[in-house]
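1. Mind looking at a prediction? Sequence and model below.
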Amino acid sequence: MSKHLADYDSGPLYFKDAKDCYLYDIFGARYLDFIAGWCVGNLGWKRKEIIEAVKKEAEGGFYVPPFVRWRKWEELASLLCKIAPGKLSRAFRCTGGSEAVEFAIKCARATIGKKIIVSIDGVYHGHTYGAASVGNACNEKINPCAPGFVKLPMPTQKNFQQVIKQFEELVQKNDVAAFLSEPVFSNAGVFIPPPEFYPKIQEICRQYGVLLAMDEVAVGFGRCGKLFTSELWDLQPDIMCLGKGLTGGYGGAGATLVTEEVFKKSRGIPDYSTFGWVPNATAAMLENVKILLKKKPWESAKILGEQMLKSLKELEKNPKVKEVRGIGLMFGIELREPIARKIITQCALRGVLMAECDDHTLFISPPLVIGQKLADEGVRIIKKVIS
């Protein structure tokens, strides 16, 4: 490894190629991809249509300054707002998920005129300072966190009513601008909130004039069995953050979608993004989203995910495993001991790549196009290693 690359946690694998649901290292070894770039490559790798679209755009060899107009930006914004839930009608151009969350925070405070953003404790929202502060990435190394953020406990079947009550009490103090969270808590360990939780949170937001902001960066674009995971509870967010699966990994980009009311009332916020939606990334997003809408891989992924979860749930009989959770094609395997890295290494040696949420939790998010045969192969290897 180069001593010049600032990198804390990378493993020893060097990759040179990818195709469909496989990655290849510099020695030619093949690995079944059970990460998809952490919910990025929902359509798998080397999609010919997307590569051709990016090549065609790259041949133009130009950069569009963010303070002018470009028809492809308008086309993409219209497409995203058309497919989004609720009344989302405007799209801010961003460089990725963290910046999308930053826009959400700014829009919420500017719209409501209040400072507090309420979120769920332990949920990741990005590495930039505001996103880290509303999420779980502001640690003792970079304290103090930015002010104006309040976190609620993770809602479970046992405590969700108390969490809802706590949120309403916060709102009644009259300084809350928005509730911001993932619809499913991905990096936190793939925790799925009780079905009653979000409808009640949305009801409180509407009753007291608080904005509902959904972070769909990781879980959007089919990951959890719907195009957008907010649709599982018929949510109509005022703000929605997009990234990761938006480009499929063929460019760095994100988006913050807002309603017309939020757009008008937040006019004047800093909204300049030098590299937000550069031409190559815009071409990738347009083609990637169009393929997703045409193929609708979340429909088959929902069925396959249920089968995978049933098989992975058998691991709960193993004394090393505390709980297996999953929805769509996203799974968390919580371990009783801090051995996640050891299991990941052993799976990699057997040709399956996974990730970890923490020392106790394995994270699995294969491409949505993986298919039954490869899914079964990966699950079989994981179960063998853990056993």
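-> Everything's here; your move. Small disclaimer: the values here were computed from a predicted structure and weren't measured.

2. contacting residues around stretch 207-217?
-> With CB atoms under 8 Å, 6 or more residues apart in numbering as the test, stretch 207-217 has contacts from 97, 100-101, 104, 108, 111-112, 125-126, 168, 171-172, 176-183, 201-202, 204-205, 228-230, 235-244, 254, 262. Every residue, glycine included, has its C-beta placed from N, CA and C.

3. First-to-last residue distance for it?
-> End-to-end distance for stretch 207-217, by CA to CA, to the nearest Å: 27 Å.

4. Spatially central, which residue of this structure would that be?
-> The residue lying closest to the centre of the chain (CA atoms, centre = their mean) is A218, at 1.0 Å.

5. residues contacting that residue?
-> Applying CB under 8 Å, 6+ apart to A218 gives the contacts W38, C39, G97, E182, S186, N187, G243, K244, G245.

6. nearest to G61, of those residues?
-> The nearest member of the contacts of A218 to G61, counting by CB to CB, is G243 at 25.9 Å.

7. Thought L257 was touching the closest one, still the case?
-> No - applying CB atoms under 8 Å as the test, G243 and L257 come out as separate, 11.8 Å apart.

8. so what sits against both of those two?
-> By CB under 8 Å, 6+ apart, no residue touches both G243 and L257.

9. Using JSON lines, lay out the contacts of A218 together with pLDDT.
-> Listed next are the contacts of A218 as JSON lines, based on pLDDT from 0 to 100:
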{"residue": "W38", "pLDDT": "96"}
{"residue": "C39", "pLDDT": "97"}
{"residue": "G97", "pLDDT": "97"}
{"residue": "E182", "pLDDT": "98"}
{"residue": "S186", "pLDDT": "97"}
{"residue": "N187", "pLDDT": "95"}
{"residue": "G243", "pLDDT": "98"}
{"residue": "K244", "pLDDT": "97"}
{"residue": "G245", "pLDDT": "97"}
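
10. Save those residues as TSV, and put in secondary structure too.
-> Below are those laid out as TSV (DSSP: H, G, I helix; E, B strand; the rest coil):
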residue	secondary structure
W38	helix
C39	helix
G97	helix
E182	coil
S186	coil
N187	coil
G243	coil
K244	helix
G245	helix
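
11. Please convert the buried members of those into ChimeraX selection syntax.
-> Here is the ChimeraX command that picks out the buried ones among these, judged by 16 or more other CB atoms under 10 Å:
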select :39,97,182,186,187,243,244,245
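
12. quick one: low-confidence parts of this structure?
-> Applying pLDDT under 70 to the chain flags the ranges 1.
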